[in-house]
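1. structure for this input, please:
(one chain, ligands or ions: 1)
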Amino acid sequence: MSANHPNQQHVAFRQGSDLSLRAHGLQNTPPVQAISSLTSQPSTRQKRTLNDVTTTVAGVIWSLSDTIPSLRNIKTNLKDNVNIWKTNGTSIDPKKIPSAIVVQAVGSTLQLKSNNRIQVVQKYEARLASGCSEARRAQENGSWKQKKEELLIPGLPSKKFLESDDNPRNQSENIVQDVFLHSSKPGYFYVLWEGWAVDNLYELSDIEVQQSASEAVRLAQIRDAFLDAFNAANGTGELDEFVAREKYLDRNVRMDVNHPFWTFKDLTYFHTQLHADLEKGPVFYFSLETDMQNPPNFTYTNVNVVREDAYIRCLGRLANQNFSELSGSANTMRSSTACSSPQHCKCNQRALLAYGATAAGGPVRLLQYNAEGLLQLDNYNFDDARILVECSNTCQCSPENCHRRVVQRGKSVAIAVVNGNIGYGGYAAEPIKKGQYIVEYVGEMYLLKERRSKENVAQSKKMKAQPHANIDFRLTQTQKDEMPDVHALYINRPAKSKRGSSYEAGFSVIDERIVICASKVGNVGRFFNHSCNPNATFVEVHSRCFESDPLIPKIAIFALRDIAVGEAITLRYYSDQQMKDKRGMKCG
Ligand SMILES: C[S@@+](CC[C@H](N)C(=O)[O-])C[C@H]1O[C@@H](n2cnc3c(N)ncnc32)[C@H](O)[C@@H]1O
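-> Below is the predicted model of the structure:
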């Protein structure tokens, strides 16, 4: 296992060598074989710099590796009560995990400060996940090149090594990208290497693969269990062929380095690697088509990509004030918290102040986790205005164990994306419990156009005239005074669904003008389809690990009931009334 990346398996095998078998004391097993009967692409031998990645693959990549060379080996000074999260035996320093990316407006003169938690960029661009070293090397020197425009996906390498390349692996270790059960050789796997085209597929015994690439095997087991459950749920045997292709690789895909199948495998691998940077669950992409259609083409992000105007709006909101500012002279505040009891938790008190919510009910319903970190969703009513407020470093609970910091920790579940008759859909690839956090809905965050009331026009003129040099995460008092009091505008309003017709999700409690659009930039949350009787729901979330972070609102997706492996995860975008006007939208 790589020191800095959990899902990458480094195997000390060299091509066509049986040294590795000796190393494992397996001299009697057949030598490792490269499947070399494929026709190689003519090599272009063009040298490219890594900067070409962004232009060649049309897009956008952003990676933790830019700021965090080795996420796994971070040493932190233990100054406050938020130090490191430990999961699966690894440590993450939350101070170094980005909470949002802010994209400055063209021509903006604001000097927004960038740090590990908030990355300020001129343009959001996709990059490979940290640690994908062989893919980076291939992007520079590989002679296989993706020729089909529609298969160039932001963030995916457009070049790979071919077996005929005269670029010997300059590392002593090779990275296993994926493993597939061998169809005709029991006890063997096909092994696909990161950065290498499929003409370099290997056959390795299960003992070797288990020993050297246990994470790849674990992911393949989740994938294959999903495929079996998905097949069983459909029950007609129609999917047998598709499942066999995915699990065992049929000859067509094995023998064709340019087959779209491999782009689906790349999407799976590189998006899962981006997730692994933040300990999120894997994502699997499948196509049911015999003649495969183009894979979904969008730019992956783990966090919201916030436009400057939306960011400034967030900074000026009442909810952005830290706890002491917000509580003011309120003397009912406890100095310490008991997060296990809602009425004593500071964050519930904060919610009361910021959103007018009461734990006992009231105009805004304040959602609560139970002691296992499952959201209590009994008597759930879609039309309620509701919000979830998580703990921060003001509370005295532990960031790694507190049952009120689930979205903040970000551990999403394993999800499969499969195409069907309403485009792609998201499916559970592991069992999900009622109330469990599934994944955040992220994308580009922007502001809806303001209603042009006289006051708004005057306000916006004032804002434009004001010099905003050196804006930090906190606005000055004068700047705060200049911002409209959003709280006053929207509190106690009847909850309205702001879900757009496509990939837009809005807030009804936190700020009705802020929208998250996952059409071009998003994560796996963008694939969940609409149902009138859904098994999951959107929840507005106020969550930040540190009070010093700006409060960027989040939308998280939680399960309304238990969801079995292979079942579609569905949301209700539209009310029954709205559905009447939605042509083409189906209830089921
Ligand atoms: C957020 S996307 C869901 C993922 C989408 N199916 C895809 O392939 O990317 C919303 C779009 O999916 C389609 N969709 C989702 N639920 C649907 C339903 N119940 N009936 C028909 N179309 C649906 C519509 O085209 C809608 O605009």
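
2. spit out the contact partners of the closest residue to residue 562 other than its chain neighbours.
-> In this structure, residue 562 finds its nearest non-sequential neighbour in residue 434, 5.3 Å apart by Cβ to Cβ, 6 or more residues apart in numbering. Yep, even glycine has a C-beta here, placed from its N, CA and C like the rest. Residue 434 makes contact with 374, 377, 559-562, according to Cβ atoms under 8 Å, 6 or more residues apart in numbering.

3. beta partners for the residue of the stretch 351-500 of the chain found nearest the ligand?
-> In the stretch 351-500 of the chain, the residue that lies nearest the ligand is residue 423 (2.6 Å; Cβ to the nearest ligand atom). Residue 423 forms beta bridges with residue 420, residue 421, as assigned by DSSP bridges.

4. likewise the one 4 residues further on?
-> Residues found in beta-bridge contact with residue 427 (criterion: DSSP bridges) are residue 416, residue 568.

5. mind listing what it touches?
-> Per Cβ under 8 Å, 6+ apart, neighbours of residue 427: 226, 230, 415-418, 566-569.

6. please determine how far it is located from residue 376.
-> Going from residue 427 to residue 376 by Cβ to Cβ, to the nearest Å gives 25 Å.

7. is there a neighbour count for residue 250? I'd like the number.
-> 14 (other Cβ atoms under 10 Å).

8. how close does it sit to the ligand?
-> 25 Å (Cβ to the nearest ligand atom, to the nearest Å).

9. what parts of this protein come near the ligand?
-> When proximity is defined as Cβ under 6 Å from any ligand atom, the chain approaches the ligand at 422-425, 501-503, 526-527, 529-530, 584-586.

10. now render these as TSV, adding pLDDT, neighbour count and secondary structure.
-> As requested, the residues of the chain next to the ligand are exported to TSV (pLDDT from 0 to 100; neighbours: other Cβ atoms under 10 Å; DSSP: H, G, I helix; E, B strand; the rest coil):
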residue	pLDDT	neighbour count	secondary structure
422	89	11	coil
423	92	10	strand
424	96	20	strand
425	97	17	strand
501	45	12	coil
502	76	10	coil
503	88	21	coil
526	97	25	helix
527	97	26	helix
529	93	19	strand
530	90	18	strand
584	73	6	coil
585	77	16	coil
586	80	12	coil
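
11. now flag whichever of these is closest to residue 165.
-> Distance to residue 165 across the residues of the chain next to the ligand (Cβ to Cβ) is lowest for residue 424, with 33.8 Å.

12. surely that closest one meets residue 416?
-> No. With contact defined as Cβ atoms under 8 Å, residue 424 and residue 416 do not form a contacting pair (10.1 Å).

13. and the residue of the stretch 101-250 of the chain that's closest to the ligand?
-> Counting by Cβ to the nearest ligand atom, the stretch 101-250 of the chain gets nearest the ligand through residue 153, at 13.8 Å.

14. neighbours of that residue, how many?
-> 25.

15. same check on residue 120?
-> Residues contacting residue 120 under the criterion other Cβ under 10 Å number 18.

16. just residue 316 next, same as before
-> Residue 316, neighbours per other Cβ under 10 Å, totals 18.

17. need the residues that contact stretch 524-534.
-> In contact with stretch 524-534 (Cβ under 8 Å, 6+ apart) are residues 271, 283, 296, 298, 412, 415, 417, 422-426, 438-443, 503, 518-519, 536, 557, 560, 568-574, 576, 579, 585-588.

18. okay, now the unreliable bits of the stretch 151-300 of the chain?
-> Scanning the stretch 151-300 of the chain for pLDDT under 70 picks out 166-173.

19. what ranges does the stretch 201-350 of the chain have for its helices?
-> Taking DSSP state H, counting those that start in this stretch as the test, the helices found in the stretch 201-350 of the chain are 206-212, 214-234, 240-248, 251-254, 260-276, 308-316, 323-327, 346-355.

20. so for the fourth one, what gets flagged as buried?
-> Neighbour-count burial for helix 251-254 flags 253-254 (criterion: 16 or more other Cβ atoms under 10 Å).

21. try the second one
-> Applying a neighbour-count criterion of 16+ other Cβ under 10 Å, one finds 215-217, 219-220, 222-224, 226-227, 229-231 buried in helix 214-234.

22. could you find the closest non-adjacent residue to the closest residue to the ligand within the stretch 151-300 of the chain?
-> Proximity to the ligand, evaluated over the stretch 151-300 of the chain using Cβ to the nearest ligand atom, is greatest for residue 296 at 6.0 Å. The shortest distance from residue 296 to any non-neighbouring residue, by Cβ to Cβ, 6+ apart, is to residue 424 (5.6 Å).

23. okay, now the unreliable bits of this structure?
-> Ranges of the chain meeting pLDDT under 70: 1-92, 166-173, 327-344, 357-362, 450-501, 582.

24. domains of it?
-> By the record's domain assignment, the chain is partitioned as 9-58+129-300, 304-574+581-588 (automatic domain parsing).

25. that'll do, ta.
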